[in-house]
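Colleague: build me a structure from this.
(chains A and B)
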Protein chains: 2
Amino acid sequence: MASLTGPVELLLTLDPRSERRLHEQIEQALRDAIREGRLHAGARLPSSRALASELGISRGVVTTAYDQLVAEGYLETRQGAPVRVAGGLRAQPTAPPPPSLIAQFSYDFSPGLPDLAGFPRDRWLRSLRSAWRETPLDAIGYTDPRGVPELRNALGDYLARVCGAAADPEHLLIATGFRQCFSLVCRWLAAHGIEQIALEDPGWHAQRLIAEEAGLTVSPIPVDGEGIDVVALAQSGAEAVVVTPAHQFPTGAVLSAARRAALIEWAERGDRLIVEDDYDSELCAGRVGALQAKAIEDGGSEITGQLALADFIARGELERHLRRMRVRYRERHAALVAGLAVEFPDWRAVPTIGGLHTLVRLPAGTDEPGLLAAAARASVGIEGLSLHSYTATASPGLVFGHAHLAPPAITQGLRRLSTAFANR
Amino acid sequence: MASLTGPVELLLTLDPRSERRLHEQIEQALRDAIREGRLHAGARLPSSRALASELGISRGVVTTAYDQLVAEGYLETRQGAPVRVAGGLRAQPTAPPPPSLIAQFSYDFSPGLPDLAGFPRDRWLRSLRSAWRETPLDAIGYTDPRGVPELRNALGDYLARVCGAAADPEHLLIATGFRQCFSLVCRWLAAHGIEQIALEDPGWHAQRLIAEEAGLTVSPIPVDGEGIDVVALAQSGAEAVVVTPAHQFPTGAVLSAARRAALIEWAERGDRLIVEDDYDSELCAGRVGALQAKAIEDGGSEITGQLALADFIARGELERHLRRMRVRYRERHAALVAGLAVEFPDWRAVPTIGGLHTLVRLPAGTDEPGLLAAAARASVGIEGLSLHSYTATASPGLVFGHAHLAPPAITQGLRRLSTAFANR
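Modeller: Okay, the predicted model is just below:
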């Protein structure tokens, strides 16, 4: 460590074995000192010659660092005058992060989160590295708004193998998630004179927000143990419908074979559109018109992430990950069902095939808002069925997400919930 | 290499020194063989015991590989029956990539592309790695739709230092680019009863597409050597305007001090909105209403990319990169101006301060579409001024992007263009 005397007292430590180059180390030290308020606006810095001599390094290293910090606005320089700390900079004494708009709970049963801890970060980084290192430069600029061909090919192949879907890569459009994709589809429908879209009731409330944002009128269609009621759908007069056939959200129902056939017949009879929200994998197919909107709106999704995903699929990592997760989710679902039986013996969890969440229906007349408020006071996050229903008062219930919680957290969270409900 | 006899002839090479584990090597070899059509649907594979014995490895390795490929849909297995290649798989004999919707040229002067080759990929990868390794798990899920606090803080600090803008991180919204941000602003304006938006004429044509997609009426406002005509803007009756004051697209004009003052007075007088498209850095500030639409539409931008960008800014890499690019772009702009003087001595390039593109105005009556067609036939990409104008016939011109082209490519491209124009 070299102690410096000069216009201001600087204490700089240079580590010659560091991965960072010397000028970067000087920059970082000065940046931190200014940000944290140790160096004030207007403070005069040693000349590059003096600082280089004190530190025993070449003067060019110091001028490189000073030039960078001038470009960043931390330092000011004028012909013939010494380098000074720039005026008008706010010190940031380790400012607390701005409050989030998302609530934080000790135990959060909110549905929709997968097990993030189980994501194979190192394998994903390997795919990212390969995408960044091996991508030809022209692939990083504005490209085909449908998405890069590598990913559309990998997905076409994947859908053919795993879902039995004949998905021509020519007709695939990569979006940033179901939300953006569905928003594009809704705006395309509205632009083509379609005014009404049918949604499952109960169903994921964000679907309704997106459809209404696009100017569509929503027709809620009842869901029972076999999935969406296709007779009611036909009577609604809607020309498009959104379904979650594999594992209905939030009831967990699987669309029966008879209903599937009726749904397809409904669509073919009137050239109507079925949007399938396969929310386990966030894949969704739109029509060509959605592409035009996508191209206008954001010029296509981020390229290297797409190439990394193509690599991740081609190396089998996606399916390896999904296999691991299926086992884990089954265990967590079992822990939730067992915990519910212990803490709430009178409740009845709607049977499902697993998935990411479980619905508990409560007796008619149960004060659902009161339960949710008591849960929040005990720092337990959970969603009510009414959030996802068009007929809020008819059937109270609670939707438990279990996929992101380890079994002990599930057990403890349910115990805390039970106490909170008993004491309210 | 071990040659296998059995139900099908397999040739597998296992490399014990590879980074890949043995079961991954088996998976990859079988996957490739099936994809390339060397193993056909229905083909019977050796038993796991037989294959393990042939390869001199443990049976568990083979069953792990088989299980993975069954999960991926490449193989089928039934109780007591041998493992077979799944039916219904299309062989993909190194399929040509699907054709892109974006044209490819030998020399592409299309404006809007930065110098991608100059992007510091390794330094960006360092920031990405740090974001993936150091991110707490709860930051990867659905978070604040405004963007992660780390990036909003880094950007607030950056804007204060470099642009002198007082940008409270609380009021920043991270979008995927100007397109998405402007689309959100337009839809928010439309939802609040504003029907008309003013755009620069000539101006980037995508702005018009986005505004019209949102249902707004566009008022074109003339641009001269001082930037947008604020008197004409006030007369248009528009309540919002988009400007590119630092380097107008495509004329290159810098908004004069007098016009800046008049523009701000116009906005303050009527509580009107100025959208600044600072297209060098893709930053833009919307109002709170845009946030709500963003949250509905895609639930927030990708998290780790945001964290990586925060790290990239905090380490000074963004500004280091921009400094390098400014030098490079000045050189390329000089090469373009010099090449134009040689190949087209009669043309007059509109003087600019550099930037990413240069406008050449052509004499009234010049057949701009004819020139563009001749350029395309010679595989030279270039945009006409009419694409970005509301009064197409009045002022023909060509917009040359030079930022992504090395000086020799600029010189050669201009020579080819000159030949193509002479021979048409």
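
Colleague: skip the chain neighbours and tell me the closest residue to the closest residue to chain B within the stretch 101-250 of chain A.
Modeller: Using C-beta to the nearest C-beta, the point where the stretch 101-250 of chain A gets nearest to chain B is A:R161, with a distance of 3.2 Å. (C-beta placed from N, C-alpha, C; glycine too.) Nearest residue to A:R161, sequence neighbours excluded (C-beta to C-beta, 6 or more residues apart in numbering or on different chains): B:G73, at 3.2 Å.

Colleague: mind checking pLDDT for the one you found?
Modeller: The predicted local confidence for B:G73 comes out at a pLDDT of 82.

Colleague: can I assume it is in contact with A:D157?
Modeller: No. Contact status for B:G73 versus A:D157: not in contact, 9.4 Å apart, counting by C-beta atoms under 8 Å.

Colleague: so where's chain A uncertain?
Modeller: Low-confidence regions of chain A, defined by pLDDT under 70, span residues A:1-9, A:11, A:88-103, A:137-142, A:162-166, A:279-292, A:294-301, A:353-354, A:392-394.

Colleague: looking at it, which helix is longest?
Modeller: The helix spanning the most residues in chain A, taking DSSP state H as the definition, is helix A:317-343.

Colleague: could I get the full set of strands for the stretch 251-400 of chain A?
Modeller: A:273-276, A:348-349, A:357-361, A:380-381, A:383-384, A:397-401 (DSSP state E, counting those that start in this stretch).

Colleague: ok, and the closest non-adjacent residue to A:G42?
Modeller: Of all residues not flanking A:G42 in the chain, A:R84 sits nearest, at 5.7 Å (C-beta to C-beta, 6+ apart).

Colleague: who touches the one you found in this structure?
Modeller: The contact partners of A:R84, taken as C-beta atoms under 8 Å, 6 or more residues apart in numbering or on different chains, are A:42-45, A:75-77.

Colleague: let me see the ranges of the helices in chain A.
Modeller: If DSSP H is used as the criterion, the helices of chain A fall at A:22-35, A:48-55, A:59-71, A:121-134, A:149-158, A:178-191, A:205-213, A:230-236, A:257-270, A:288-298, A:303-314, A:317-343, A:368-377, A:407-422.

Colleague: for the shortest one, what is the distance to the chain centroid?
Modeller: For helix A:230-236, the distance from its own C-alpha centre to the chain's C-alpha centre is 33 Å (C-alpha atoms, centre = their mean, to the nearest Å).

Colleague: can you give the contact residues for it?
Modeller: Contact partners of helix A:230-236, identified using C-beta under 8 Å, 6+ apart, comprise A:196, A:198, A:219, A:221-222, A:241, A:259, A:262-263, A:266.

Colleague: now with 6 Å, please.
Modeller: If you take C-beta atoms under 6 Å, 6 or more residues apart in numbering or on different chains as the criterion, helix A:230-236 is touched by A:198, A:219, A:221-222, A:241, A:259, A:262-263, A:266.

Colleague: now the buried members of these.
Modeller: A residue is treated as buried here by neighbour count (16 or more other C-beta atoms under 10 Å in any protein chain shown); on that basis the buried members of those are A:198, A:219, A:221, A:241, A:259, A:262-263, A:266.

Colleague: quick check: phi and psi on the residue of chain A most remote from its centre?
Modeller: Distance from the C-alpha centroid of chain A peaks at A:G80, with 52.2 Å (C-alpha atoms, centre = their mean). As for A:G80, its main-chain torsions (degrees, to the nearest 10) stand at phi 80, psi -10.

Colleague: from B:G227, how far out is it?
Modeller: Computed with C-beta to C-beta, to the nearest Å, the distance linking A:G80 and B:G227 is 34 Å.

Colleague: what do you get for A:L255?
Modeller: Taken as C-beta to C-beta, the span from A:L255 to B:G227 is 58 Å.

Colleague: cool, A:A338 as well?
Modeller: For A:A338, the distance to B:G227 under the criterion C-beta to C-beta works out to 69 Å.

Colleague: neighbour count: these two, which is higher?
Modeller: For A:A338 and B:G227, the more surrounded residue by other C-beta atoms under 10 Å in any protein chain shown is B:G227, and the numbers stand at 23 against 14.

Colleague: that one and B:A257 touch, don't they?
Modeller: No. Taking contacts as C-beta atoms under 6 Å, B:G227 lies outside contact range of B:A257: 10.4 Å.

Colleague: identify the contacts common to these two.
Modeller: Both B:G227 and B:A257 lack any common contact, where contact means C-beta under 6 Å, 6+ apart.

Colleague: B:L385: which of the strands of the stretch 251-400 of chain A is closest?
Modeller: Shortest distance between B:L385 and the strands of the stretch 251-400 of chain A, using C-beta to C-beta, is found for strand A:273-276: 40.3 Å.

Colleague: give the pairing partners of that closest one; include direction for each.
Modeller: Within its sheet, and counting by DSSP bridges, strand A:273-276 is paired with strand A:240-243 (parallel).

Colleague: for the partner strand, output the C-alpha coordinates as PDB.
Modeller: Output for strand A:240-243, consisting of C-alpha atoms alone and laid out as PDB, is shown next (Å, rounded to 0.1, in the frame of the first residue of the first chain):
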ATOM      1  CA  ALA A 240     -61.000 -17.000 -30.000                       C
ATOM      2  CA  VAL A 241     -60.300 -18.800 -26.700                       C
ATOM      3  CA  VAL A 242     -57.400 -19.300 -24.400                       C
ATOM      4  CA  VAL A 243     -57.100 -22.700 -22.700                       C
END
